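Structure of the sequence below:
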Amino acid sequence: MASYKRSLKSNAKFVKSAAVAVALLSAGVTGCASTTEVMNNGYVVDEQSLALAPVGASREQVLLSLGSPSTIGTFDGEVFYYISQKRVRQAAFLKPQLVDQSVLAIYFDKDGVVSQRANYTLKDGKVFDNISRTTPTGGKDLTFLQQLLSGGSNAASMAKSILGGPTQQGQ
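Next up, the predicted model:
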């Protein structure tokens, strides 16, 4: 009878610890659930505002209906660009992925009247990183040993000074 009570107590302890483990595991899994974050950057063009700037509209009418452009063409300011991007981040610690990009280009003629409208998407362009932290240089990068074996006078004098031998200037 005593061993039967002990086995019931051990079974009860096992059931309690299993219940606690299941509760903690479910709380942990719930905390790691996918929390997708959507980030919209730039100017998102709606159809009503775009309808107020048709071909033939003036520059002022475009500015009033669409607002200030994201950027202006570099030559004579004859193109307004309205740029927007949509990025999705699956978790707070992951890098956001670009899923949609839109560039609305409004082209003006010499008189300041809209001559053409174009909408470019991610399929029309190429995503690139325009900030590079390295500058390519001409020539070859040689290690000390490569310079020494190439027989350059600079490398030979460097090796003699390191090894303690006399240099040409010291002779």
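
what stretches of the chain score poorly on pLDDT?
1-12, 14-15, 18-34, 77, 125-139, 151-161, 165-171 (pLDDT under 70).

Kindly recompute the last result at 80.
Along the chain, the model assigns pLDDT under 80 to residues 1-35, 74-77, 92, 122-171.

those helices in it, which residues are they?
2-31, 47-51, 59-66, 144-150, 153-163 (DSSP state H).

Remind me what the shortest one packs against, helices and strands.
Going back to what we said before, that points to helix 47-51. helix 59-66 (3 or more CB pairs under 8 Å, 6 or more residues apart in numbering; DSSP states H and E). From N, CA and C alone the C-beta is placed, and that goes for glycine too.

which of the residues in the helix it packs on are buried?
In terms of neighbour count (16 or more other CB atoms under 10 Å), helix 59-66 has its buried residues at 59, 62, 66.

Is Asn40 in contact with Ser84, as I believe?
Yes - between Asn40 and Ser84 a contact is recorded at 6.8 Å, counting by CB atoms under 8 Å.

More neighbours: which of the two?
When Asn40 and Ser84 are compared for neighbours, Ser84 comes out ahead with 16 against 11, by other CB atoms under 10 Å.

Surely the more buried one touches Leu66?
No - here Ser84 does not reach Leu66: they are 11.9 Å apart, not a contact under CB under 8 Å.

tell me, what's touching the two both at once?
43, 45 (CB atoms under 8 Å, 6 or more residues apart in numbering).

Leu122: which of the buried residues of helix 59-66 is nearest?
Leu66 (20.9 Å; CB to CB).

From Gln146, how far off is that closest one?
Per CB to CB, to the nearest Å, Leu66 is found 59 Å from Gln146.
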